[in-house]
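**Q** my questions concern the predicted model and sequence given below.
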Amino acid sequence: MLAEAVTVFFALIGTTLSCMNTGARVTYAMGKDDEAPEHFGILHAGSLSPRKAIWTLAWISAVIGVIAVSLLFGDAAAPADRHRSPLFPTASSPVGLPVARSVAALPTHC
């Protein structure tokens, strides 16, 4: 099971890198066609890569990653529904997390 988990981890890293490569190339093409700011459509003189598009996507991914990890591994306990209901009257939070009552009802063993 550990070997499978490691290979899945490496597959996720590879998939993420290929998606970022595709995103950078698409952003470069959009900059070249004046569909995005034109500085995205410029290639670096030395490496002939769309360096500004790559760094922009890297920063966006880093911010999303920090937010996701802080939500997942935050120190605080889940807020009770009575504290959250005045703010978010719907059945789930704005980031897609279920309410605490439904999480508490989940089984804790297989």
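**A** The structure has been received and is ready for your questions.
**Q** low-scoring pLDDT stretches of this protein, where are they?
**A** 72-110 (pLDDT under 70).
**Q** how about 90 then?
**A** Applying pLDDT under 90 to the chain flags residues 1-3, 5, 16-25, 27-28, 32, 34-58, 60-62, 64-110.
**Q** now the helices for it?
**A** Assigned by DSSP state H, the helices in the chain fall at 2-32, 51-72, 81-84, 100-104.
**Q** tell me which of those helices sits nearest to His39.
**A** helix 51-72 (5.5 Å; CB to CB). All C-beta spots, glycine's among them, are computed from the backbone N, C-alpha and C.
**Q** list of residues touching the closest one?
**A** 16, 20, 23-25, 27-28, 31, 39-40, 42-44, 95, 97 (CB atoms under 8 Å, 6 or more residues apart in numbering).
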